[in-house]
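S.K.: kindly generate the corresponding structure for this input.
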Amino acid sequence: MRQYIPRLYTFVGAITFLNVLCLVFLLPKFTMKTRPRESILNTPSTAIEERAPANARRKRAALSKPCCPQLSNYLVGTIKVDLEWAEKNYWTESNFEPSKWQAYLGEYETIPGEDVHLLNSENILHTPRYCRTSLRVAFIIPFRAREPHLKKLVGHLTPILRRQLETYSIFVVEQHSNRTFNKGRLMNTGFEFANMIGDQLGGKFDCFVFHDVDLLPERDDLLYRCTEGSFVDHLAPSIDKFDYKPLCCGMTVGGVLAFKSDQFRKVNGFPNSYWGWGGEDDDMNIRIRKQALKIARPDPKIGRFTMIKHRRDQSNPRNIKALQELKKSWVISENDGLVNLDTEIKEFHLYPLFTKIFVDVKVPPDI
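M.R.: Numbers count the residues shown, from 1 in each chain. Prediction:
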């Protein structure tokens, strides 16, 4: 037993020596991490920026990026419209777990309608990652009870807008009640809200795209932008449902229509008087011609869209009074639209990819 005692002393001595070395060399590194609290005058500028308001930080970060090219290098032209993939991509882009519940769009933040000041660019505006653009596009999607279509549209559209290097916001404007649907009032409300919120997001929108929820573009080189001059852009002249025949079956400016702000005010927006399905697009066509604006359309091979098949909402019956309203449109359009809009925004739901706006469109006159 005694022969092992010297070895034991040697082992204990080695362990003690190693502990001393650790204290000598490592203790200063740990003590350096703790320092007295500094005043803001001695705080690095990067640390001060972290405490700045989110909008201000984002604006400074955007200005530090180079300008995006006028035409993106990421465009591929024809793209496959895969509805199953589009819905899967919606969940991927939203960072949500997929759900079998068709009406479920994922988690959201609720903001009351009167607290519009709480909205900011962090939760509404989508920008290119590595460059900055001078143009801002607002998408306005009239909506009610079409969640499966909305997931497919947003899941399909988001990567396209990213490749186009767009700065954009998507506003899904939903009718708050189950009364007869009024698409014109929803689109007018979406425009007024987007126009108002622009300054709050750091700059007004340059182009307002009114987009049906069931139309998916088949090419990514169909740019969602407004043409310069006195042109209104009708972007969906060719739809698969009509065998891609341009402006088939009495189509005028329906589907996807883009205005600049001053143009939309000039035509007094969409009519408020069309309750039910049909009529408001034809009425808008009359308003555009009445104000001597021109309609620009892409090449039919570029402006191609796939329409998602669906059954009509029972609360959106065919408007049997549409023809009567159209006959009066040239005369009454100046008094029916933005100037007499009386809707009310109830609340906002903030999703990762879009903002949903719940709107009370009031009661139809015949109820």
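
S.K.: how about the strands of the protein, start to end?
M.R.: Counting by DSSP state E, one finds strands in the chain at the ranges 109-112, 136-143, 167-175, 207-211, 215-217, 231-234, 238-239, 256-259, 294-296, 304-307, 344-350, 355-360.

S.K.: which elements pack onto the longest one?
M.R.: For strand 167-175, the packing partners by 3 or more CB pairs under 8 Å, 6 or more residues apart in numbering; DSSP states H and E come out as strand 136-143, helix 147-163, helix 183-200, strand 355-360. To be clear about C-beta, it is placed using only N, CA and C from the backbone, and glycine gets the same treatment.

S.K.: and with 6 Å instead?
M.R.: strand 136-143, helix 183-200, strand 355-360 (3 or more CB pairs under 6 Å, 6 or more residues apart in numbering; DSSP states H and E).

S.K.: can you redo these as a markdown table with distance to D283, mean neighbour count and mean pLDDT?
M.R.: Formatted as a markdown table, the helices and strands packed on strand 167-175 follow (distance: least, CB to CB, whole Å; neighbours: other CB atoms under 10 Å; pLDDT from 0 to 100):
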| stretch | distance to D283 | mean neighbour count | mean pLDDT |
| --- | --- | --- | --- |
| strand 136-143 | 15 | 25 | 97 |
| helix 183-200 | 8 | 22 | 94 |
| strand 355-360 | 20 | 22 | 97 |
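
S.K.: A292: which of those is closest?
M.R.: Across the helices and strands packed on strand 167-175, A292 has its closest neighbour in helix 183-200 (20.9 Å, CB to CB).

S.K.: helices or strands up against that closest one?
M.R.: Counting contacts by 3+ CB pairs under 6 Å, 6+ apart, helix 183-200 packs against strand 136-143, strand 167-175.

S.K.: need the contact partners of it.
M.R.: For helix 183-200, the external contacting residues (CB atoms under 6 Å, 6 or more residues apart in numbering) are 138, 140, 142, 171, 173, 204-205, 208, 210, 261, 264, 269-272, 274, 280, 338, 341, 343, 359, 361.

S.K.: relative to W91, which of the helices and strands packed on strand 167-175 is closest?
M.R.: Of all those, the one in closest proximity to W91, counting by CB to CB, is strand 355-360 (16.8 Å).

S.K.: these two touch, right, F270 and E280?
M.R.: Yes: using CB atoms under 6 Å, F270 makes contact with E280 at a distance of 5.3 Å.

S.K.: where does the prediction get shaky in the protein?
M.R.: Along the chain, segments meeting pLDDT under 70 span 1-63, 250, 312-324, 327, 330, 366-367.

S.K.: can you pull out the helices in it?
M.R.: Assigned by DSSP state H, the helices in the chain fall at 5-32, 45-51, 54-63, 83-94, 121-124, 147-163, 183-200, 261-266, 280-290, 322-332.

S.K.: ok, back up a step: with distance to P246 as added columns, please give the helices and strands packed on helix 183-200 in a markdown table.
M.R.: Below are the helices and strands packed on helix 183-200 laid out as a markdown table (distance: least, CB to CB, whole Å):
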| stretch | distance to P246 |
| --- | --- |
| strand 136-143 | 23 |
| strand 167-175 | 27 |
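
S.K.: can you check which of the ones you listed gets nearest to H149?
M.R.: Closest approach to H149 among the helices and strands packed on helix 183-200 (CB to CB): strand 136-143, 8.8 Å.

S.K.: need the residues that contact the closest one.
M.R.: Contacts to strand 136-143, defined as CB under 6 Å, 6+ apart, come from residues 166-174, 183, 186-187, 190, 194, 205-211, 213, 224.

S.K.: same question, stretch 235-244
M.R.: The contact list for stretch 235-244 (CB under 6 Å, 6+ apart) reads 215, 246-249, 255-256, 297, 300, 303-307.

S.K.: returning to what we had before: list only buried entries from the contacts of helix 183-200.
M.R.: Neighbour counting with 16 or more other CB atoms under 10 Å marks 138, 140, 142, 171, 173, 205, 208, 210, 261, 264, 269-272, 274, 280, 338, 341, 343, 359, 361 as buried within those.

S.K.: dump the strands of the chain into TSV; add distance to N285 as well.
M.R.: What follows is those, written out as TSV (distance: least, CB to CB, whole Å):
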stretch	distance to N285
strand 109-112	36
strand 136-143	17
strand 167-175	21
strand 207-211	13
strand 215-217	18
strand 231-234	9
strand 238-239	17
strand 256-259	10
strand 294-296	8
strand 304-307	18
strand 344-350	28
strand 355-360	24
